[in-house]
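Novice: I'd like to go over a predicted model; first the sequence, then the structure.
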Amino acid sequence: MTDESAVYRIAMVLHPGLKLEYFRRRKWQEPWIRQAESLTREAYNEYAQRAQLLQNSVTSTTDDEPATSSSSTTPQPMQFHDFTNISVAPSTTVTVRDELADYLAMPLENVKDPLMWWWEKRTVFPILSQMALDYHSIPATSTSVERVFSFGRQLLVFTRNRLSALSLRRFLCLGSWSKKDMIQDKDVLDALLEADEKKEGKKHG
């Protein structure tokens, strides 16, 4: 099955108790191991690029905010911390950390629940953890797939026939993560409040 889908190999590499060592102990040929690492690298690069685009979008939105009349007419006194803001380096120069390399360099750990492990490491590996959570949320057996399919049918009722595939996937992941107590009620409320604030901001903008 590993030849038919990259998901299997990527999920194995992203298991903190297996990584590439699993393939070596199973006597995989070296080109196969390199291909598994390459597939994981390609997927990680896509996640890193999306994260960078999102960061650039947030930065440009902040930079485009108009200055207030008081700041444009009245010079403000220089504060001590302003000395750190006079760097001649371009503001767009950002050193992106290679989370995948750091993760692979770590020793193997005895982990029974990789999904929970990555959830707890989300502040250490903000990009790679999101990728790992996505891949480890994919059902591993046909029984699980059928169960997820049934859940999806309950979500996609006739009154919600315009739900996109992305929204449906997010709902299914939300339900799966909630069962493992990875998402608290406060997280959902905060996300809803943030979405409402963005809508209000667009209306007044």
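Specialist: Right, received. Where do you want to start?
Novice: can you pull the contacts of the residue nearest the centre of the chain?
Specialist: Within the chain, one residue has its C-alpha closest to the average C-alpha position: by C-alpha atoms, centre = their mean, that is residue 130, at 2.8 Å. Contacts for residue 130 (C-beta atoms under 8 Å, 6 or more residues apart in numbering) come out as 47, 122. Every C-beta, even on glycine, is put in place using the N, C-alpha and C of the backbone.
Novice: against which helices or strands is the helix or strand harbouring residue 47 packed?
Specialist: For residue 47, the element it lies in under DSSP states H and E is helix 30-63. Counting by 3 or more C-beta pairs under 8 Å, 6 or more residues apart in numbering; DSSP states H and E, the packing neighbours recorded for helix 30-63 are helix 6-13, helix 21-25, helix 99-105, helix 126-136.
Novice: quick check: pLDDT value at the spatially closest residue to residue 138 that is not a sequence neighbour.
Specialist: Spatial nearest neighbour of residue 138, chain neighbours left out: residue 7 (6.0 Å); criterion: C-beta to C-beta, 6 or more residues apart in numbering. Each residue has a pLDDT score; the one for residue 7 is 91.
Novice: where's residue 7 relative to residue 134, distance?
Specialist: 10 Å (C-beta to C-beta, to the nearest Å).
Novice: kindly report the same for residue 46.
Specialist: When distances are taken as C-beta to C-beta, residue 46 and residue 134 turn out to be 11 Å apart.
Novice: if you count surrounding residues, which of the two has more?
Specialist: Comparing residue 46 with residue 134 by other C-beta atoms under 10 Å, the one with more neighbours is residue 134, at 16 against 11.
Novice: rewinding a little: test my guess that the residue nearest to residue 138 contacts residue 135.
Specialist: Yes: the pair residue 7 / residue 135 is scored as a contact, 6.5 Å apart, by C-beta atoms under 8 Å.
Novice: who has more neighbours, the two?
Specialist: The residue with more neighbours, out of residue 7 and residue 135 and counting by other C-beta under 10 Å, is residue 135; that gives 22 against 15.
Novice: quickly note the distance from the more buried one to residue 57.
Specialist: The gap separating residue 135 from residue 57 is 25 Å, by C-beta to C-beta.
Novice: cool, and residue 179?
Specialist: When distances are taken as C-beta to C-beta, residue 179 and residue 57 turn out to be 32 Å apart.
Novice: straight-line length of stretch 180-187, end to end?
Specialist: The distance separating the two terminal residues of stretch 180-187, taken as C-alpha to C-alpha, to the nearest Å, comes to 14 Å.
Novice: got a list of contacts for it?
Specialist: Here stretch 180-187 has contacts from 113, 115-116, 119, 174, 177, using C-beta under 8 Å, 6+ apart.
Novice: can you say which of those residues are buried?
Specialist: By neighbour count, with 16 or more other C-beta atoms under 10 Å, those hold 115-116, 119, 177 as buried.
Novice: alright, calling it a day.
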